[in-house]
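Q: give me a model of this one.
(one chain, ligands or ions: 1)
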Amino acid sequence: MANPILAGFKIMTKKSFQVYPLIDKKKNGHKLSVDEIKWFIQGYTDHVIPDYQMSAMLMAMFLKGMDGAETAALTDAMLESGEQLKFPGKNVIDKHSTGGVGDKASFILAPIASAAGVKVPMIAGRGLGHTGGTVDKIEAVKGFRTNLSLKEFQDKLNENGLVLIGQTPEIAPADRLIYALRDVTATIDCIPLITASIMSKKLAEGANGIVFDIKYGSGAFMRTPKQARILAKSLIQTSKRFKKKAVALITDMNQPLGNAVGHSHEIIESIETLKGKGPKDLTDLSVILAAHMIHIAGVEKTFVKAKKKAELMVSSGKALEEFRKLIKGQGGDDRVIDDYSLLPLATSITEVRSPKKGFIKMFNNEQIGLLLIELGGGRKMKTDIINFDVGFLFEKKIGDQVKKDDVIFTIHHRADQTDAALSIRDRFLKESLTLSATKVRAPKLIIEKLS
Ligand code: URA
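A: Have a look, this model is predicted:
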């Protein structure tokens, strides 16, 4: 069926196709060519191909899959839809986490890597579903600007070696349009589409290498190590096709990372970790991810040396100073580093105590993220304003032994949220906590490395 609107539409690919036969081709499980994919994506981004035809194509891609070459072509088409930054030197490295509950590692690993001589251009995301977002969290620091222009972004990276902003309209606009459509057409959880979405944005940032933290478990979008491994392989393969260095770690997200969940509380825990006083899981993961960044940047020849350097950046206080510089450089109140009372902090506390003795076997980590949203610590609607001051502070984690009435975590809330906090406590104890009478082993934090 000819589509007269598209006759002669051949700007990006020099070739012209028709919409219906391409959807039909994918629907029947055939491979699309690079030109066909690029033509389709450009047509959609230019508003020539309508949402209903793009939706049909996305569903065909979802159901029939895409091989490595198709995924790379999709990535490239989305990348070419916007601006692409370039920085001199080989030491420009970013990290991408697939998101989770209490994941604040970016605030620790980026200053560590930067202090070690890596340039870190971070374009991070906001909260999604039950997971918090790096951009939302840093905005708990008064004055911090996450909406720098691309020119400011480049200048800050050249000046400070570290910059952190939110998504901008100039970077991969095709992804923005397609992501919004995927969100309402049940096509989010599709490895090739996720890969192209993540990679188009990372490649546009101008990084030479990327370290991926692919989370699995009850608080992650990938529920099993198997799913996480498939995504990790797809991201690594696509990075290599674009001649970027890449390492992926598969990490546990069956419980919050660190002890704090909630925006101000996570900033405080990040600063404490940069001061060398953070929880072990958060410290270990941040140091190891930073060490991979230092290693693939070529700053150190071996991973072992890179890890030593990362540890030194924390113990010497240099990484903390990088974080201070980042906050100050983007207009934030850097006095928070020494005075946490400058962060918004709710003053009422409700304790969540163990109903009996035993060992903590399991949390429903997704539900922990959703319970925080009940206090306003995340968005239910796009337009919601986040309460930075609320949060949960865990005192026990999986594998810990508890006595009856031991505090598992504390809920930090506003005085007028006591009823909500009591309901959160009761729902957590009923639906989110599993205790075992016998000893439980703490989950391994990093289960695999791929490169
Ligand atoms: N994050 C992204 O940027 N894109 C996806 O498709 C999923 C997670």
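Q: and the residue of the stretch 51-200 of the chain nearest the ligand?
A: Residue nearest to the ligand within the stretch 51-200 of the chain: Ser197 (3.4 Å; C-beta to the nearest ligand atom). Glycine gets a C-beta too; all of them are placed from N, C-alpha and C.
Q: so which residues of the stretch 251-400 of the chain form strands?
A: 260-261, 348-353, 358-363, 391-394 (DSSP state E, counting those that start in this stretch).
Q: winner for burial among those?
A: strand 260-261 (a mean of 28; mean count of other C-beta atoms under 10 Å).
Q: what is that strand packed up against?
A: Counting contacts by 3 or more C-beta pairs under 8 Å, 6 or more residues apart in numbering; DSSP states H and E, strand 260-261 is packed against helix 263-274, helix 365-374, strand 391-394.
Q: now do the helix or strand that the last one is followed by: distance to the chain's middle.
A: Put plainly, it is strand 391-394. Next helix or strand after strand 391-394 toward the C-terminus (DSSP states H and E): strand 401-402. Chain-centre distance of strand 401-402: 32 Å, with C-alpha atoms, centre = their mean, to the nearest Å.
Q: name the strands paired with the helix or strand following strand 401-402 and say parallel or antiparallel.
A: Toward the C-terminus, strand 401-402 is succeeded by strand 407-413 as the next helix or strand (DSSP H and E). The strands that strand 407-413 pairs with in its sheet are strand 348-353 (antiparallel), strand 391-394 (antiparallel) (by DSSP bridges).
Q: nearest to Ala260 among the ones you listed would be which one?
A: Ala260 lies closest to strand 391-394 among the strands paired with strand 407-413, at 5.7 Å (C-beta to C-beta).
Q: what does the closest one contact?
A: 255-256, 259-266, 346, 368, 371-372, 377, 408-412 (C-beta atoms under 8 Å, 6 or more residues apart in numbering).
Q: tell me the buried residues within these.
A: 255-256, 259-266, 346, 368, 371-372, 377, 408-412 (16 or more other C-beta atoms under 10 Å).
Q: could the strands paired with strand 407-413 go into TSV alongside mean pLDDT?
A: Shown next, in TSV, are these (pLDDT from 0 to 100):
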stretch	mean pLDDT
strand 348-353	98
strand 391-394	98
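Q: among the ones you listed, which comes closest to Thr168?
A: Closest among these, using C-beta to C-beta: strand 391-394, at 28.5 Å.
Q: interface residues of the stretch 51-200 of the chain facing the ligand?
A: Leu193, Ile194, Ser197, Ile198 (C-beta under 6 Å from any ligand atom).
Q: mind running it again at 8 Å?
A: Applying C-beta under 8 Å from any ligand atom, we find that the stretch 51-200 of the chain lies next to the ligand at 98-99, 125, 128, 175, 179, 182, 188, 193-194, 196-198.
Q: quick one: which of the strands of the stretch 251-400 of the chain is nearest the ligand?
A: Per C-beta to the nearest ligand atom, nearest to the ligand of the strands of the stretch 251-400 of the chain: strand 260-261, 20.0 Å.
Q: in the chain, where is pLDDT below threshold?
A: 1-14 (pLDDT under 70).
Q: how is the chain divided into domains?
A: According to automatic domain parsing, the chain comprises the domains 19-65, 93-340, 345-436.
Q: most tightly packed of these?
A: Taking mean count of other C-beta under 10 Å, domain 93-340 is the most buried of those, at a mean of 21.
Q: now the terminal residues of that domain, how far apart.
A: Taking C-alpha to C-alpha, to the nearest Å, the first and last residues of domain 93-340 lie 30 Å apart.
Q: ranges for the strands of the stretch 101-250 of the chain?
A: 120-124, 162-166, 209-216, 245-252.
Q: so for Ala60, which of those strands sits nearest?
A: That would be strand 209-216 among those, by C-beta to C-beta, at 26.0 Å.
Q: give the other helices and strands that that closest one contacts.
A: strand 93-97, helix 225-241, strand 245-252, helix 280-296.
Q: the third one and the ligand, are they touching?
A: Okay, so that is strand 245-252. No: applying C-beta under 8 Å from any ligand atom, one finds strand 245-252 separated from the ligand by no less than 14.4 Å.
Q: need the strands of the stretch 251-400 of the chain in CSV (columns: distance to the ligand).
A: Converted to CSV, those look like this (distance: least, C-beta to the nearest ligand atom, whole Å):
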stretch, distance to the ligand
strand 260-261, 20
strand 348-353, 31
strand 358-363, 23
strand 391-394, 24
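Q: just the CA trace of the helix or strand harbouring Trp39, in PDB.
A: Taking DSSP H and E as the definition, Trp39 sits inside helix 34-45. C-alpha atoms of helix 34-45 as PDB (Å, rounded to 0.1, in the frame of the first residue of the first chain):
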ATOM      1  CA  VAL A  34      19.900  -0.200   8.100                       C
ATOM      2  CA  ASP A  35      18.300   2.100   5.600                       C
ATOM      3  CA  GLU A  36      14.800   0.800   6.300                       C
ATOM      4  CA  ILE A  37      15.300   1.400  10.100                       C
ATOM      5  CA  LYS A  38      16.800   4.800   9.600                       C
ATOM      6  CA  TRP A  39      14.100   5.900   7.200                       C
ATOM      7  CA  PHE A  40      11.400   4.800   9.600                       C
ATOM      8  CA  ILE A  41      12.900   6.500  12.600                       C
ATOM      9  CA  GLN A  42      13.500   9.700  10.700                       C
ATOM     10  CA  GLY A  43       9.900   9.600   9.400                       C
ATOM     11  CA  TYR A  44       8.500   9.300  12.900                       C
ATOM     12  CA  THR A  45      10.800  12.000  14.400                       C
END
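Q: can I get the strands of the stretch 101-250 of the chain in CSV with distance to Glu351?
A: What follows is the strands of the stretch 101-250 of the chain, written out as CSV (distance: least, C-beta to C-beta, whole Å):
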stretch, distance to Glu351
strand 120-124, 33
strand 162-166, 34
strand 209-216, 28
strand 245-252, 26
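Q: so who does Pro169 touch?
A: Arg176.
Q: returning to that earlier point: elements contacting the helix holding Trp39?
A: Against helix 34-45 (3+ C-beta pairs under 8 Å, 6+ apart) you get helix 19-27, helix 51-64, helix 68-80, helix 173-184.
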